[in-house]
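Colleague: next input, structure requested:
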Amino acid sequence: MSNIVIVESKNDKIFMQAMVEKLNCDIQVASPIYIDDYQSLEGLSETELIKALKNSIRKIDRKDIEKIGIIIDIDNCSEQERLKFVDRCIKQVFEAESLSSTKQFIDICTDHGTNAKLACYFTNFEGKGELETLLKGIKARESFHADCLDSWKTCIENQGKEIDRKGFDKFWVSIYLRYDTCSKKEQKGSISVLHLQCERPRSRIVQYASGDARTTIKKCFLQN
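Modeller: Now for the predicted structure:
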């Protein structure tokens, strides 16, 4: 039997794969983490999460899946608001006990009476944000270039303009990866990608990562 993790985007998938590789390689644990597949929602909505859960029913009934993990951004919600959201989606697909906390498995059951386990976690840093907020908080290298964006943000706000946290954190990660972690040669190779990233912000990590994306994540964010 295998385990599956449902995530919001390709970037979340890459980060989780890098995290799992680091945990399994660098930390001795009694039960190593084995994740056999990831399913990307490509944007969070109740419809997409319900669809992803429904897609797992057949595998559960065949006893191909033992455990399901759901990892989504907390954004500006409270943990209880996110728990209610996920719980509502689960109960439209499975018979299940109420989801009352993160990181705790609950029993779910299909219409055919097949059981599995499910747990969830909300990506955040100090209780708010998304993947980029977390990456900004755990960066493994000096961030001289990216940190200068704070002064830029203040200047913009003094002109009566507003930049939301989500957009700022995404921009911060882009500058950090390009100028604080890339060599001069790698920076030149990234110039043609810049406009593409502005149009497709969720592709940022994939586009800026030089070489293997998971290796870049581990090198730039998970060394500590």
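
Colleague: check which residues of the strand or helix carrying N11 are buried.
Modeller: N11 is part of helix 10-26 when elements are defined by DSSP states H and E. Neighbour-count burial for helix 10-26, counted by 16 or more other C-beta atoms under 10 Å, picks out 10-22. In short, each C-beta sits where N, CA and C put it, glycine included.

Colleague: which is the succeeding secondary structure element to that helix?
Modeller: Downstream of helix 10-26, the first helix or strand assigned by DSSP H and E is strand 37-40.

Colleague: quick one: contacts of that following strand?
Modeller: 2-10, 12-13, 16-17, 52, 55-56 (C-beta atoms under 8 Å, 6 or more residues apart in numbering).

Colleague: please enumerate the strands of the chain.
Modeller: Assigned strands in the chain, in chain order: 2-7, 37-40, 65-73, 95-96, 106-109, 115-123 (criterion: DSSP state E).

Colleague: can you list the strands that the second one pairs with?
Modeller: Paired neighbours of strand 37-40 in the sheet (DSSP bridges): strand 2-7 (parallel).

Colleague: next: the shortest one.
Modeller: As defined by DSSP bridges, the strand partners of strand 95-96 come to strand 106-109 (antiparallel).

Colleague: centroid-wise, who is the farthest residue in the chain?
Modeller: Q159 (33.1 Å; C-alpha atoms, centre = their mean).

Colleague: list phi and psi for that residue.
Modeller: With angles defined as degrees, to the nearest 10, Q159 sits at phi -90, psi 10.

Colleague: what does E162 give?
Modeller: phi -130, psi 140.

Colleague: how much space separates the nearest residue in space to it that is not next to it in sequence from S78?
Modeller: Nearest non-adjacent residue to E162, counting by C-beta to C-beta, 6 or more residues apart in numbering: I156, 7.9 Å away. From I156 across to S78, the span is 29 Å (C-beta to C-beta, to the nearest Å).

Colleague: could you do W152 as well?
Modeller: Distance of W152 to S78, given as C-beta to C-beta: 30 Å.

Colleague: likewise for F144?
Modeller: Using C-beta to C-beta, one gets 34 Å for the distance from F144 to S78.

Colleague: kindly report the same for L118.
Modeller: 21 Å.

Colleague: try K170
Modeller: 22 Å.

Colleague: more crowded one of the two?
Modeller: Taking other C-beta atoms under 10 Å, K170 and S78 do not tie; K170 has more neighbours (22 against 12).

Colleague: my read is that that one contacts L131, right?
Modeller: No. K170 is beyond contact range of L131, at 9.3 Å (criterion: C-beta atoms under 8 Å).

Colleague: how long is stretch 41-61 from one end to the other?
Modeller: This stretch, stretch 41-61, spans 22 Å end to end (C-alpha to C-alpha, to the nearest Å).

Colleague: ok, and for that stretch, which residues are buried?
Modeller: Buried residues in stretch 41-61, counted by 16+ other C-beta under 10 Å: 41, 44, 48-49, 52-53, 56-57, 59-60.

Colleague: mind listing residues that contact that stretch?
Modeller: With contact meaning C-beta under 8 Å, 6+ apart, stretch 41-61 is reached by 4, 6-10, 39, 65, 68, 70, 72-73, 85-86, 88-90, 92-94, 108, 110-112, 114, 116, 202.
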